[in-house]
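Undergrad: have a look at this fold, sequence not included:
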């Protein structure tokens with residue numbers, strides 16, 4: 001099938017009434033979640049993940065994806081209006097977005113970020129449509145050893161490319177790997193880390209992990225930081241009309257940010273939108289003729305990172321769907337949802353489930369058009385959402401977490417497990433641990449073990465199979481080089497020692 005035939009198939013799938021409703025629900029929830037500081041798209045997707053188990057797989061994934069990129073749109077609103085990012089990837093928008101609000105240009109900033117979000121998403125979706133089929137065909141030649149080495153590279157990247165201590169990043173990945181092997185060993189039938197609890201024989205559900213490490217932890221962390229904000233800035237349709245100078249100033253930064261975001265999103269373990277946004281901001285500041293204006297209300301300071309984080313959100317689906325390697329924690333949840341529905345992410349997805357892949361790809365375009373249509377006239381509504389008191393918001397989220405976890409298997413043990421893991425996760429985060437690498441380790445751990453064992457079985461126990469195959473050897477070399485590069489960087493820039 002050609003590209004046109006694939007897009008027609010995608011349109012037929014994405015434009016069904018059911019998928020349109022799920023897409024609308026996803027992007028609307030994503031916008032609300034992005035606007036409200038302290039929730040985050042990870043928490044929202046974790047909460048709604050159980051609902052997708054009772055829906056068709058395409059509809060469920062369309063909704064989860066809609067929450068993801070919808071939150072990318074909404075996250076910048078809180079950054080611009082109250083200097084608090086709705087999502088982590090929108091944090092850099094605070095640097096120039098809030099100063100624009102204080103200058104009376106909140107409406108201009110909001111409309112420019114909306115345009116940047118739409119353009120960045122469309123460019124990344126185009127790359128998804130063009131690059132996924134050839135990448136999937138190339139991946140069909142991969143053997144078990146190649147998949148093991150490729151996933152190992154993803155875990156190394158996840159543990160070393162985080163902000164902060166690389167040792168803690170590696171420890172987070174290791175904890176995730178240990179959580180992933182809880183349950184019955186598929187090969188031997190032995191019980192591992194179950195402590196005699198029958199509820200753990202099938203392993204720990206991804207819903208439990210996601211709720212504990214992103215839902216409970218986010219609520220507990222946000223309670224201590226929650227504070228009410230007075231919204232003095234008014235947003236009207238007239239104030240949202242940018243001048244020609246503003247549009248001209250944002251055009252090239254949007255295109256450059258889209259390219260940066262698309263490139264970063266494709267890389268497994270690169271951190272997704274957060275890293276892309278900061279990289280795009282750094283690029284614009286470096287090439288700007290007025291670098292001193294950044295941090296004081298520069299238009300490129302909001303347009304480039306906003307385009308980058310939305311482009312990264314869309315392009316992150318390329319390695320997830322074609323290679324089965326999630327680029328960030330959100331993609332790990334998407335991958336987990338696929339596995340729950342019995343679909344193994346990888347190069348066979350396009351061939352075995354073309355309706356799923358192309359329907360999902362086209363739904364991204366549909367969802368972004370819906371967001372563009374909804375975002376502008378409803379901007380006043382999104383701004384009013386910022387006035388919801390945290391005293392009502394966080395208890396409601398806690399209730400949804402408990403109900404969502406219990407609804408998966410109707411086991412009260414899972415609710416207590418979420419509470420226990422959530423408390424442990426809160427302590428870990430307080431000591432600097434990163435939940436995102438942990439989730440990647442949890443999802444990729446069983447897949448790495450499976451391919452490692454299969455490769456050794458085929459080679460009759462010869463470990464040289466991992467270096468004899470050129471593809472596998474290349475991934476292992478990249479992993480080693482990445483570790484060396486990070487180690488050298490840490491040696492040149494040691495962490496400051498606090499004086500007592």
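TA: Everything's here; your move. Just so it is clear, the model here is predicted, and its values are computed rather than measured.
Undergrad: helices along the stretch 251-400 of the chain, start to end?
TA: 273-287, 300-315, 317-323, 329-340, 348-352, 354-375, 379-385, 390-409 (DSSP state H, counting those that start in this stretch).
Undergrad: give me the helices and strands touching the second one, please.
TA: Using 3 or more CB pairs under 8 Å, 6 or more residues apart in numbering; DSSP states H and E as the contact definition, the elements that helix 300-315 packs against are helix 57-82, helix 94-102, helix 106-139, helix 244-266, helix 273-287. C-beta: built from backbone N, CA, C; applies to glycine.
Undergrad: and what of the first one?
TA: Secondary structure elements in contact with helix 273-287, counted by 3+ CB pairs under 8 Å, 6+ apart, are helix 244-266, helix 300-315.
Undergrad: ok, 10 Å please
TA: helix 57-82, helix 94-102, helix 106-139, helix 244-266, helix 300-315 (3 or more CB pairs under 10 Å, 6 or more residues apart in numbering; DSSP states H and E).
Undergrad: highest mean neighbour count out of those helices?
TA: Highest mean neighbour count among the helices and strands packed on helix 273-287 (mean count of other CB atoms under 10 Å): helix 300-315, with a mean of 34.
Undergrad: next, the angle from that helix to helix 106-139.
TA: 30 degrees (axes from the mean of the first three to the mean of the last three CA atoms, to 10 degrees).
Undergrad: quick one on the thing from earlier: okay, the helices of the stretch 251-400 of the chain, which one's buried deepest?
TA: Among the helices of the stretch 251-400 of the chain - counting mean count of other CB under 10 Å - the highest mean neighbour count belongs to helix 300-315, which has a mean of 34.
Undergrad: may I see the buried residues of stretch 181-188?
TA: Buried residues in stretch 181-188, counted by 16 or more other CB atoms under 10 Å: 182, 183.
Undergrad: any residues touching that stretch, and which ones?
TA: 190-195, 197, 200-204, 442, 445-446, 449-450, 453-454, 457 (CB atoms under 10 Å, 6 or more residues apart in numbering).
Undergrad: among the residues you listed, which are located in strands?
TA: 191, 192 (DSSP state E).
Undergrad: buried ones among the contacts of stretch 181-188?
TA: 191, 194, 200, 203, 204, 442, 445, 446, 449, 450, 454.
Undergrad: what's the closest of those residues to residue 179?
TA: Using CB to CB, the shortest approach to residue 179 within the buried ones among the contacts of stretch 181-188 belongs to residue 442, at 4.9 Å.
Undergrad: how about a markdown table for the buried ones among the contacts of stretch 181-188, with pLDDT added?
TA: Shown next, in a markdown table, are the buried ones among the contacts of stretch 181-188 (pLDDT from 0 to 100):
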| residue | pLDDT |
| --- | --- |
| 191 | 85 |
| 194 | 85 |
| 200 | 85 |
| 203 | 83 |
| 204 | 85 |
| 442 | 83 |
| 445 | 81 |
| 446 | 82 |
| 449 | 86 |
| 450 | 83 |
| 454 | 87 |
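Undergrad: make CSV from these and add distance to residue 2 to it.
TA: Output for the buried ones among the contacts of stretch 181-188, formatted as CSV (distance: CB to CB, whole Å):
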residue, distance to residue 2
191, 50
194, 50
200, 48
203, 41
204, 43
442, 39
445, 38
446, 36
449, 39
450, 34
454, 34
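Undergrad: biggest separation within those, which pair?
TA: Taking CB to CB, no two of those sit farther apart than 200 and 454, at 24.9 Å.
Undergrad: low pLDDT regions in the stretch 151-300 of the chain?
TA: 160-164, 186, 222, 224-240, 268-274 (pLDDT under 70).
Undergrad: one more pass at 90, please.
TA: 151-251, 260-300 (pLDDT under 90).
Undergrad: mind listing what residue 131 touches?
TA: 262, 266, 315, 318, 322.
Undergrad: same thing but 6 Å
TA: Shown in contact with residue 131 (CB atoms under 6 Å, 6 or more residues apart in numbering): residue 318.
Undergrad: in stretch 15-29, what counts as buried?
TA: 19, 20, 22, 23, 24, 25, 26, 27, 28, 29.
Undergrad: any chance of the residues you listed in TSV, plus pLDDT, secondary structure and distance to residue 289?
TA: Compiled in TSV, these are given as follows (pLDDT from 0 to 100; DSSP: H, G, I helix; E, B strand; the rest coil; distance: CB to CB, whole Å):
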residue	pLDDT	secondary structure	distance to residue 289
19	91	helix	46
20	92	helix	45
22	91	helix	46
23	91	helix	41
24	91	helix	43
25	90	helix	44
26	89	helix	41
27	88	helix	37
28	88	helix	40
29	86	helix	41
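Undergrad: excluding chain neighbours, what is closest to residue 397?
TA: Excluding the flanking residues, the one nearest residue 397 by CB to CB, 6 or more residues apart in numbering is residue 219, at 5.5 Å.
Undergrad: mind listing what the one you found touches?
TA: 394, 397, 398.
Undergrad: where's it, which helix or strand?
TA: Using DSSP states H and E, residue 219 sits in helix 217-225.
Undergrad: hang on, the earlier thing: of all the helices and strands packed on helix 300-315, which lies closest to residue 426?
TA: Of all those, helix 273-287 comes closest under CB to CB, at 20.9 Å.
Undergrad: for residue 395, see how far away the residue nearest to residue 397 is.
TA: 9 Å (CB to CB, to the nearest Å).
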